[in-house]
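A.B. asks: Test case, fold it:
(2 chains)
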Amino acid sequence: MSFTITHKDKHTKARIGILKTKSGDIETPFFMPVATKATAKYINSKKLQEITPAIISNAFLLSLRPGVEIIRRFKGIKKFMNYKGITFTDSGGFQMYSDYLYITSNEKGVYFRNPISGEKIFMTSGENMKLQQDINADVAMCLDSMPIYKNSKEEIKKAVELTINWAEKCKKEHDRLQENIMKNKKQLLFCISQGGIYKDLREYCIKELAKLNFDGYAIGGIALPEALYGKEMEKAKKLEQQSIKIHKKFSPENKPCYLMGEGNPIWLLEAIALGVDCFDSRYPTQSARRGTIFTKNGKIKILNKKYEYDKTPIDKKCDCFTCKNYSRTYVRFLLRENEPVGKELASYHNLYFMKWLIEEAKKHIKKNTFIEFLEKMKKTYK
RNA sequence: GCAGUAGUAGCUCAAAGGCAGAGCGCCGGAUUGUGGCUUCGGAGACGAGAGUUCAAUUCUCUCUUAUUGCC
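C.D. replies: Numbers count the residues shown, from 1 in each chain, chains lettered A, B, ... in the order given. So this is what the prediction gives:
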């Protein structure tokens, strides 16, 4: 058993668990920054190790550059980037969201456009498994078909069918590829459910996936609120939570649940309350680079004029490297000047905040006070 | 002193006898399994005066400022 639940909150569905991987154990819940190209932008892997137990990279994009052969010669992404935490790779299914990269797909696989050479690439679900095995992260993700909000229900249903079809093929091929590997050295494989905001499609998709005995069950395609639901954020949140509830209801209780793409601190906590164990997002790092900083009192826009003469740290209550050493004025100036160090300091802080957030959440789950923590954060994190 | 050229947004420049635009800068909002480039809003201007005209920022004249050349 690769996942063990060690504590269940008495008042919500929040829980603490241990996920065993070939690189070691990781306590859930946890948050992974996105390190698409084997680095979180502006944060090197050693710094990353200080502030996050896991990262997720992108197998498809890494296969374009530097190419799988290079990573294979390092025996995998961990040694390639010299990161000692837990690593995940995403298949590249999410890149169907990108008009620039995605061409089309069928039951066998996906056609992508190589943005570097312009050539058309066809990748089967099985080839994707081989690719992720070569990159050798601790956890691989199934190739899934991610529908976008513009799609009709018919199209989303097709995406669900394709996702299930590929998941079956991925599982089979992954089992075959890992066949001769010792049990504690095996790469884990998580599937991803789709279905957009449609309850029946979500239910159908996760029920089918639940039959296949994956190591983890991810929820895909819902954490892009504006793209998915327009500007009605409250409605978006409700729909997201509805999807999570359906997913949880029909997925195995004793397997980790991964909400893909969620990086909004409060929404993330609410997802934990529903029993989600694992998250990833570009949001903290991307926001940091663009001047939105997470603090214990809420998001601030450091580029706003009111911080021009603010000599206090980004977050007075934070003891991260950035907050211990630098003022808002300075970080603001660097970001305005587009200086890489500004992006680094801001990104480091936002990731440190995510680490703090998850650690607090875990403490409260262990004390059965998670619901109070959630309510407090909702009030103070404006 | 004479001759030429130019005065349009904070800056660099457009256009047009009838609603004056852009880029940069400024102010604010978005940002969620990151190819790359972020992106979307907002505020903000016709050097001064007179004349021609239904109508002038535009044409004419005077002044003024800047700039170039010549004496």
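
A.B. asks: residues contacting the residue lying closest to A:K207 once chain neighbours are set aside?
C.D. replies: Leaving out its chain neighbours, the residue that sits closest to A:K207 by C-beta to C-beta, 6 or more residues apart in numbering is A:F250, at 5.0 Å. All C-beta atoms are positioned from the backbone trio N, CA, C, and that covers glycine. The contact partners of A:F250, taken as C-beta atoms under 8 Å, 6 or more residues apart in numbering, are A:203, A:206-207, A:210.

A.B. asks: So which of those sit within helices?
C.D. replies: Those of the contacts of A:F250 mapping onto helices are A:203, A:206-207, A:210, per DSSP state H.

A.B. asks: Could you pull up the mean pLDDT of stretch A:266-278?
C.D. replies: When pLDDT is averaged over stretch A:266-278, the result is 97.

A.B. asks: whoops, stretch A:80-96 was the one
C.D. replies: 95.

A.B. asks: Strands of the stretch 251-382 of chain A, residue ranges please.
C.D. replies: Under the criterion DSSP state E, counting those that start in this stretch, the stretch 251-382 of chain A carries strands at the ranges A:257-260, A:278-281, A:292-295, A:298-301.

A.B. asks: Around RNA strand B, pick out the residues from the stretch 251-382 of chain A.
C.D. replies: For the stretch 251-382 of chain A, the contact set with RNA strand B under C-beta under 7 Å from any atom of the strand comprises A:260-264, A:267, A:280-283, A:285-287, A:290-292, A:301, A:303-306, A:308, A:336.

A.B. asks: Now list the buried members of those residues.
C.D. replies: Among those, those buried by neighbour count (16 or more other C-beta atoms under 10 Å) are A:260-264, A:267, A:280-283, A:285, A:287, A:291-292.

A.B. asks: ok, which of the contacts of A:F250 also contact RNA strand B?
C.D. replies: Contacts with RNA strand B are made by none of the contacts of A:F250, judged by C-beta under 7 Å from any atom of the strand.

A.B. asks: are any of the ones in helices among the contacts of A:F250 buried, and which?
C.D. replies: Burial by neighbour count, 16+ other C-beta under 10 Å: within the ones in helices among the contacts of A:F250 this picks out A:203, A:206, A:210.

A.B. asks: Wait, the first one touches A:I246, no?
C.D. replies: Yes. Between A:E203 and A:I246 a contact is recorded at 5.3 Å, counting by C-beta atoms under 8 Å.

A.B. asks: next one: phi and psi at the spatially closest residue to A:N58 that is not a sequence neighbour?
C.D. replies: Distances taken as C-beta to C-beta, 6+ apart put A:T36 closest to A:N58, at 4.5 Å, once the chain neighbours are dropped. Backbone torsions of A:T36, given as degrees, to the nearest 10, read phi -50, psi -50.

A.B. asks: and A:T36, how far is that from RNA strand B?
C.D. replies: Separation of A:T36 from RNA strand B (C-beta to the nearest atom of the strand, to the nearest Å): 4 Å.

A.B. asks: just A:G24 next, same as before
C.D. replies: Separation of A:G24 from RNA strand B (C-beta to the nearest atom of the strand): 22 Å.

A.B. asks: List the beta-bridge partners for that residue.
C.D. replies: Using DSSP bridges, the bridge partners assigned to A:G24 are A:T21.

A.B. asks: Stretch A:89-107: end-to-end distance?
C.D. replies: One end of stretch A:89-107 to the other measures 22 Å (C-alpha to C-alpha, to the nearest Å).

A.B. asks: If we go by neighbour counts, what in it is buried?
C.D. replies: Along stretch A:89-107, these residues count as buried under the neighbour rule (16+ other C-beta under 10 Å): A:89-96, A:101-102, A:105.

A.B. asks: Check whether it comes into contact with RNA strand B.
C.D. replies: Yes. Stretch A:89-107 comes into contact with RNA strand B (C-beta under 7 Å from any atom of the strand), by way of A:90-91, A:93-95, A:98, A:100-101.
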